[in-house]
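> A structural model of the following input is requested.
(chains A and B)
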There are 2 protein chains.
Amino acid sequence: MRDALITFLQQSLGPSGVLVDGKDTERYCLDWAGARGAEPLAVARPASVDEVAQVMRYCHQHDIPVVPQGGGSGLVEGALPDHHTPELVLSLERLNRIRHLDPLNFTVSVDAGCVLQMIKDAVQAEDCFFPLALGAQGSCQIGGNISTNAGGLNVLRYGMMRQLVLGLEVVLPDGRILSDMRPLHKNNTGYDLKQLFIGAEGTLGIVTGAVLKLGPRPIHSRTALIGCPDVQSVMRLYGLARRSCCDLLSAFELIPRACIELALGAAPALKDPLDSTHPVYVLLEVGASGELDLDAMIETLFSKGLDQGLLSDGVLASSESQAAQLWQFREAMLEGQQRRGLHLRTDIALPISSLDAFHQQAEQLVERLAHDAEVIAYGHVGDGNLHFNVLPPAALSDDDKQALLHDIEEQLFELVAEFDGSISAEHGIGRVKQNAFLGNLSAPQYDIMRGLKRLLDPRGNLSAGRILPRSDGR
Amino acid sequence: MRDALITFLQQSLGPSGVLVDGKDTERYCLDWAGARGAEPLAVARPASVDEVAQVMRYCHQHDIPVVPQGGGSGLVEGALPDHHTPELVLSLERLNRIRHLDPLNFTVSVDAGCVLQMIKDAVQAEDCFFPLALGAQGSCQIGGNISTNAGGLNVLRYGMMRQLVLGLEVVLPDGRILSDMRPLHKNNTGYDLKQLFIGAEGTLGIVTGAVLKLGPRPIHSRTALIGCPDVQSVMRLYGLARRSCCDLLSAFELIPRACIELALGAAPALKDPLDSTHPVYVLLEVGASGELDLDAMIETLFSKGLDQGLLSDGVLASSESQAAQLWQFREAMLEGQQRRGLHLRTDIALPISSLDAFHQQAEQLVERLAHDAEVIAYGHVGDGNLHFNVLPPAALSDDDKQALLHDIEEQLFELVAEFDGSISAEHGIGRVKQNAFLGNLSAPQYDIMRGLKRLLDPRGNLSAGRILPRSDGR
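Reported below is the predicted structural model:
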């Protein structure tokens, strides 16, 4: 079966369209977080939508499991080849053309394999702006961003990936092409089928192209770092900022002191940003595509915040390089966290109004389970998104660390449910969060999700075992 | 069967929960545009989600067709009782509580029967803003807005209804309740089931509650009316306005001279807004939730537009009442159009960059078919949404008018397809646009839509014959 598949792929995709040797396929078995998938049947690298369709038709006819793959920056192991049943990896990396940029319509249509940064650069050259922004933007592909409904830094102002997709082209598990690539800002004609595939993590079809919604390019922006007395003040400052900054607020990030210390440790060139230390910090950004006095806007926010006792000190970047330096704290703290080795990484969403109470109870929970563990809780709190992470005591063995973090996660997720929160704000389910996810579904939710999977992938060969468990047949 | 149904409804919903007499049920058989549905089996008026579920369970067991109904302002006859098979009308009007308003989280959770204006008022009292704005907001219900993915005046800045729904509660055709009412701004856990019901026009389930996303309340706004030489200038002015107005642009409406004349005729108190007449006008609005110099923003736009020859004259409202007067033109022109009797009403979406070319070719098309018909083409052109309407020659008989408008519509829709447009930007399909809609679906699109209907409404009893044709069984 594998030999016939490889022969077929070589004939239909040409020699550069298929990789077979372990040394060539290895990089498709690793993700950004260091997780490792099984060796795949092969890696197919189609260079056109028709080639994707051919591959899928063949696999459908011959009952071959397939997993699509973008830039490999997922965090839930959804795109790694399965250990249970050998899969064909279908990489979209050679589908990487910008098809059509229409600045007056504020749209761009692209192949799924385009790297996010490439799209951002291309539209910027035409005075437009594609707002999706995340750490992996230099390597992640737009097809993966769509399939995982990516979030990131600018969700507050521009929404998740779902809000930025106007048209979609998908190859279905049976090889048929479902396409509506009309660059329309409004279209109420029947069921909006593209919504099925956005955020479905590649389990219902393979995204091969999309029409993206653009905005006007911001010509100036301001970044500020603000020291606050506690999380509650941060959340009240958020309400103030939403109003004072007039929908021009593009980021509102919570950074606890512990993260500043991690960043200072990881990047010795950084200096403590404010004269004294503060329990928590806010990193915020405003931007505008026209002339406006952004400095006055931020100064008004500062002075109102001071008056109301919500902030203690702050710095407004006076140049782009100073702004970049403030943002460096966010990158460096992730680096610092990574260096501490094994840790619990969560991606929790909460009602913004419950964030402070959740944060307190979650800290108590960790304190109870391991009083010398370290909590690193930062996030896009303007969206209610908290990465409540835990570094285990360094003295523990790896096995003990694993066991401890497992317990903490389980109890944290129970707390999340009590607070009407979500265990995955932006990372998705994949395989890593499947058990916790399934445990919280109602019967109608499960039935409809299962029905959707059966409707679109009746043989269950596409990304099997991600989000939902394998269907009974396999 | 009808008697048993009525007995059941009276027992489970109480006497005020069911209407049977023709004089009581008549208002549920008429819509805003004057279309008339058949007499229903009865009108059920459940007052709780559980009552909706009871009714649906009964109808599922007894194979009784049901059509849900909101405020009756639909334009495609989707909610009118069917002439083919008698239906039970299920009105959501008694489900009209605001469940929970959370200003810090910028969310409100509501019953589906809440009137849009009531929600807008309630959140405004807490310094928040629900942006959906449309002519029918004093009578339309939020459940209908969600089921039809309503658009309206502020889509440019805030998106369609779909973008404003964070949580949804739905009673399925079999009476089960599918609910996820967590007030979360981000949540990537599995397939996003609420997307299935938004815009499905009540064919897949009955929306009974929702969590809506709010923004900060604008504390000031500016409205301007601008005279322009032609449609092309309007579209270029749009690109300029998007940039100069920094994402604070909330409306950008195209109004041709003919509409100004219609408005002046319908509302004699109105005065021609500018000193001389212009072929086309733009009505635009900017608003902000914080202190900003909006006058300077608009003046910059005026002077840039003048420099580039995109506009000839304009007026900036200097007070709220003056702004309201400018907006009155938009209301009065609809009134004037309505008074002209039978006419073709379309709701076309196009790529913004094709709007001018489409407009020209469409005018030629009408000229060819009836050189004395009058074109009234206005719309939310910031979204590419054009209501390209046609008033037939007054001298024709009603039958001849009908036949002419039918021909014009058919050829217009062909032109729309050539321009990669949509025949329904915001009004939906219902029954009125079903034929034109089905004619343009690809086989995979049709199959998946049919599959979704079968998955969620296997007996085909809910809003049968809307969007999709009746299934084979009925």
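> which residues in the stretch 101-250 of chain A form strands?
Ranges of strands in the stretch 101-250 of chain A, per DSSP state E, counting those that start in this stretch, are A:107-111, A:128-129, A:165-171, A:177-180, A:206-213, A:215-216, A:220-228, A:249-256.
> give me the low-pLDDT residue ranges for the stretch 101-250 of chain A?
For the stretch 101-250 of chain A, applying pLDDT under 70 flags no range at all.
> before we move on, back to that, do you know which of the strands of the stretch 101-250 of chain A lies nearest residue B:428?
Of all the strands of the stretch 101-250 of chain A, it is strand A:177-180 that lies closest to residue B:428, at 16.5 Å by Cβ to Cβ. Just so you know, the C-beta spots here come from the backbone N, C-alpha and C atoms, and that holds for glycine as well.
> Could you list the buried residues of the one helix or strand residue A:365 maps to?
With elements taken from DSSP states H and E, the one containing residue A:365 is helix A:355-369. Neighbour counts over helix A:355-369 (16 or more other Cβ atoms under 10 Å in any protein chain shown) mark A:355-356, A:358-359, A:362, A:365-366 as buried.
> Tell me the one among the residues you listed nearest to residue B:259.
Using Cβ to Cβ, residue A:355 comes nearest to residue B:259 of the buried residues of helix A:355-369, at 48.3 Å.
> Please tell me how far the closest one sits from residue A:345.
Taking Cβ to Cβ, to the nearest Å as the measure, residue A:355 falls 18 Å from residue A:345.
> same question, residue A:216
Residue A:216 sits 35 Å away from residue A:345, taking Cβ to Cβ as the criterion.
> Get me the contact residues on the stretch 201-350 of chain A for chain B.
Within the stretch 201-350 of chain A, the positions near chain B by Cβ under 8 Å from any Cβ of the partner chain are A:204, A:215-217, A:235-236, A:238-239, A:242-248, A:288-293, A:297, A:300, A:349-350.
> Between the two ends of stretch A:210-224, how far is it?
35 Å (Cα to Cα, to the nearest Å).
> Only the buried residues of it, if you could.
A:210-218, A:221-224.
> and what of stretch A:97-104?
Neighbour counts over stretch A:97-104 (16+ other Cβ under 10 Å) mark A:101-104 as buried.
> follow-up on the earlier one: could you identify the most distant pair in the buried residues of stretch A:210-224?
For these, and using Cβ to Cβ, no pair is farther apart than A:211 and A:224, which are 34.8 Å apart.
> circling back to that earlier point, the helix holding residue A:365 vs strand A:249-256, what angle?
Counting by axes from the mean of the first three to the mean of the last three Cα atoms, to 10 degrees, helix A:355-369 lies at 30 degrees to strand A:249-256.
> Please work out the average pLDDT along helix A:355-369.
Helix A:355-369 shows a mean pLDDT of 97.
> thinking again about what came up before, dump the buried residues of helix A:355-369 into a markdown table; add distance to chain B as well.
Below are the buried residues of helix A:355-369 laid out as a markdown table (distance: Cβ to the nearest Cβ, whole Å):
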| residue | distance to chain B |
| --- | --- |
| A:355 | 9 |
| A:356 | 10 |
| A:358 | 12 |
| A:359 | 14 |
| A:362 | 17 |
| A:365 | 20 |
| A:366 | 23 |
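> Would you tell me what helix or strand the closest residue to residue A:151 other than its chain neighbours is located in?
In this structure, residue A:151 finds its nearest non-sequential neighbour in residue A:426, 3.3 Å apart by Cβ to Cβ, 6 or more residues apart in numbering or on different chains. Using DSSP H and E, residue A:426 maps to neither a helix nor a strand.
> How about residue A:283?
strand A:280-288.
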